[in-house]
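1. Mind folding the following:
(2 chains)
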Amino acid sequence: MSPIVIAILVVVGIGAVCAVVIALVSKVMAVKVDERFPVIRGCLPGANCGACGFTGCDGYAKALIDDPKTPINLCIPGGDTVGQQLSDLLVVAFADVKEEFAVVRCGGTCDHTQDKMEYSGIQTCAAAKLLYNGKGLCPFSCIGFGDCVKVCDYNAICLEGGIAHIDPRRCVGCGKCAAACPKKIIEILPCSAPISVICSSKEPGGVTRKKCTAGCIGCRKCEKICPVGAIQVKDNLAQIDHDKCTGCGTCAEVCPVGCIFSMAGYKPERAK
Amino acid sequence: MSNFKALVVILMSAVITNNYVLSRFLGICPFLGVSKKLDQATGMSIAVIFVMLLATAVTWPIQYYVLDRLGLGYMQTIVFILVIASLVQIVEMILKKYLPALHTALGVYLPLITTNCAVLGVTILNIDEGYTFLEAMVNSFGSGLGFFLAMVLFSGVRSRIENCNPPESFQGLPITLVAASIVSVSFFGFSGVITNLFG
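-> Numbers count the residues shown, from 1 in each chain, chains lettered A, B, ... in the order given. Have a look, this model is predicted:
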């Protein structure tokens, strides 16, 4: 027999043995996967943000299959669209998803405030915060190196005038940025009442005023005018209780420094 | 006793002097790709050690009892790739069935290793060096350990690079390759040390 034929036979033989073994092993070792899993996993947005309270989208999909009592309205990035798909797939009643979006609670752009130092260290917010709470004059201000921009999967955050700005039309409310912000000044708002105080300064009004012309001075005008009593000034800073707030926007009109914003016009209801 | 000494020399030289990544430049793809984080680097390296041992255990007998008997030594590369690829597939399925925790830990890296040149390199070099079966297994284990060492060391270097601020044209891959070359040069300092220590 010619050497070429032997070589071909040997390689084909080894290949065939491998193929048979793989085929056998794949039959014997087959692990049963619930056929609904890939479908449900496919519905979820795949941001792996953890806003649902499970370990990523895989964890939520698994929980939905394993435990029929798992609520289907937990996926905030997916919104009502995903909620509807899940209710159809799992044959459970549809429940409205409480849609949310994120907002940076700092309005200190370079027009309103200054830096207190020339910072040339590691260009991340987490590193800059370690040095006197960041480079800005106000210790509660956005540092503006964009740690939140890096974690956003939806390209919703950009840096404008030295601070982070979140585009409400793109934001899905997953909350990754709020977790990444070392100053903890990113707030998650419900879409139903999108009013926020765009300032986090807890310093007295006079001190805040000298450092930043866009800061909350704790004057309590908003607290007095709010028809449902949802605003309270605590630690020199107006705080909105989002469970009570109806989103009427009266507070935004009376605020003397203009640091209360109503985002009602900027956040269109997501297509259903 | 001299036998044992020979094994130690093989093991130590595989880990340090003939490090597969830093001296032989094999397995550069996972070395650059997966070395960003320490936990990923460890997972990948453990998977590599595991597959290197298995691959040697299977390819050594194939070389000596099948290919050499039939005078087909020149088919070594193709046959080894075939065998290693199917072996990794089988191992993955077995792990999925019996050790799901290990599978989720190594799962992503196992398919990456199927065509890893470091694994193929170990099996072929074992034959080229004329090692016995035991020596070949020790060499594979040492090579895997060497890969582990290189990955862990470099992931530390990588995390330093991530936090520095190099010139724009050096950012990303260029600075990583420069750093890899410096780490590799440092390993050349070991050449000759092992044989003098144990020889």
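2. ok, so what distance separates the residue lying closest to B:Gly156 once chain neighbours are set aside from chain A?
-> Spatially, and ignoring its direct neighbours in sequence, B:Gly156 is nearest to B:Leu38 (7.4 Å; Cβ to Cβ, 6 or more residues apart in numbering or on different chains). In short, each C-beta sits where N, CA and C put it, glycine included. According to Cβ to the nearest Cβ, to the nearest Å, B:Leu38 stands 18 Å off from chain A.
3. how near is B:Leu38 to B:Val157?
-> Using Cβ to Cβ, to the nearest Å, B:Leu38 is found at 11 Å from B:Val157.
4. do the same with A:Cys110
-> Taking Cβ to Cβ, one finds A:Cys110 at 37 Å from B:Val157.
5. Spit out the contact partners of the residue nearest to B:Gly156.
-> Residues near B:Leu38 by Cβ atoms under 8 Å, 6 or more residues apart in numbering or on different chains: B:Val152, B:Ser155, B:Gly156, B:Ser159.
6. what two of those residues are the furthest from one another?
-> Of all pairs drawn from the contacts of B:Leu38, the greatest distance, 11.4 Å, lies between B:Val152 and B:Ser159 (Cβ to Cβ).
7. can I get the contacts of B:Leu38 in CSV with pLDDT, neighbour count and distance to B:Tyr20?
-> Written out in CSV, the entries for the contacts of B:Leu38 read as follows (pLDDT from 0 to 100; neighbours: other Cβ atoms under 10 Å in any protein chain shown; distance: Cβ to Cβ, whole Å):
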residue, pLDDT, neighbour count, distance to B:Tyr20
B:Val152, 91, 14, 14
B:Ser155, 90, 21, 17
B:Gly156, 89, 14, 19
B:Ser159, 86, 13, 23
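8. Out of those residues, which comes closest to A:Gly50?
-> Taking Cβ to Cβ as the measure, B:Ser159 is the one of the contacts of B:Leu38 closest to A:Gly50, at 23.7 Å.
9. OK, contacts around that closest one?
-> Taking Cβ under 8 Å, 6+ apart, we find B:Ser159 in contact with B:Lys37, B:Leu38.
10. okay, now residue 130: neighbour count?
-> You didn't pick a chain, so chain A it is. A total of 11 residues lie near A:Leu130 under the criterion other Cβ atoms under 10 Å in any protein chain shown.
11. wait, I meant chain B there
-> The burial metric for B:Gly130, expressed as a neighbour count using other Cβ under 10 Å, is 8.
12. could you list every residue that touches it?
-> For B:Gly130, the contact set (Cβ under 8 Å, 6+ apart) is empty.
13. Which helix or strand contains it?
-> B:Gly130 is part of no helix or strand, with elements assigned from DSSP states H and E.
14. For A:Leu189, see how far away the residue positioned nearest the centre of chain A is.
-> Within chain A, one residue has its C-alpha closest to the average C-alpha position: by Cα atoms, centre = their mean, that is A:Gly175, at 2.3 Å. Here the distance between A:Gly175 and A:Leu189 works out to 11 Å (Cβ to Cβ).
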